[in-house]
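next come a sequence and a model predicted from it.
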Amino acid sequence: MRKPIFAALAALFLASPAAAAPLCAELGFAGLLAKCNRGEPIEITLSAGKPLGNAVTLQSGAYYEMRITADGSAELAISGAPFFRAIWMNEIVINGIEVRPMAIDSLEFDEEGTATLSFIAIKPGSYEVKIPNTTGDSQKVAIAIQ
């Protein structure tokens, strides 16, 4: 009886994806913020009637930048509290001003501009960021953290 239980537990722990480790073997003094641990930037565009962006898959433990650019065609916001709670936010940079928040629920753009969020993906799962009060698939970006 014990052997099947131990075998099941071993299979469960050994079957976890290898991609869940940081992107580089030697993180050095910078730790998780090391250059070798950075994933591809995530681009999101806020524009009236246009899609936000493509679905992305992130790796837990890796460092990312999300660039949210509004073209000023409308007053638009982007929300995604569950996603923002699943990451460790390093900073948000808006017009050269660095903000280091504990957490955010949304960002609203009254005019054109860019906000850059730098973060480390932490909690595996499926999330989305979207324009509030919209239901269209083009008005959200699906984000998976592995």
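The structure has been received and is ready for your questions.

for Glu112, give its distance to Glu75.
The gap separating Glu112 from Glu75 is 11 Å, by Cβ to Cβ, to the nearest Å. Yep, even glycine has a C-beta here, placed from its N, CA and C like the rest.

what's around the residue lying closest to Thr69 once chain neighbours are set aside, how many residues?
Sequence neighbours aside, Thr114 is the residue nearest to Thr69 in space, at 4.6 Å (criterion: Cβ to Cβ, 6 or more residues apart in numbering). When neighbours are defined as other Cβ atoms under 10 Å, Thr114 has 14 of them.

so Thr114, which of the three states?
Under DSSP: H, G, I helix; E, B strand; the rest coil, the three-state class of Thr114 is strand.

same check, this time on Phe84
helix.

got a list of what it touches?
Neighbouring residues of Phe84 by Cβ atoms under 8 Å, 6 or more residues apart in numbering: 103-105.

neighbour-wise, give me the winner out of these.
Neighbour-wise, the contacts of Phe84 (other Cβ under 10 Å) top out at Ile104, 15 neighbours.

state the distance from the closest residue to it other than its chain neighbours to Ala115.
Nearest non-adjacent residue to Ile104, counting by Cβ to Cβ, 6+ apart: Phe84, 5.2 Å away. Separation of Phe84 from Ala115 (Cβ to Cβ) stands at 13 Å.

can you count the residues close to Phe109?
Applying other Cβ under 10 Å, I find that Phe109 has 20 neighbouring residues.

wait, isn't it in contact with Ala70?
Yes - counting by Cβ atoms under 8 Å, Phe109 sits close enough to Ala70 to count as a contact (3.6 Å).

what sits against the residue nearest the centre of the chain?
Centroid-nearest residue in the chain: Ala121, 6.0 Å away (criterion: Cα atoms, centre = their mean). Residues near Ala121 by Cβ under 8 Å, 6+ apart: 39, 58-62, 64, 86-87, 145.
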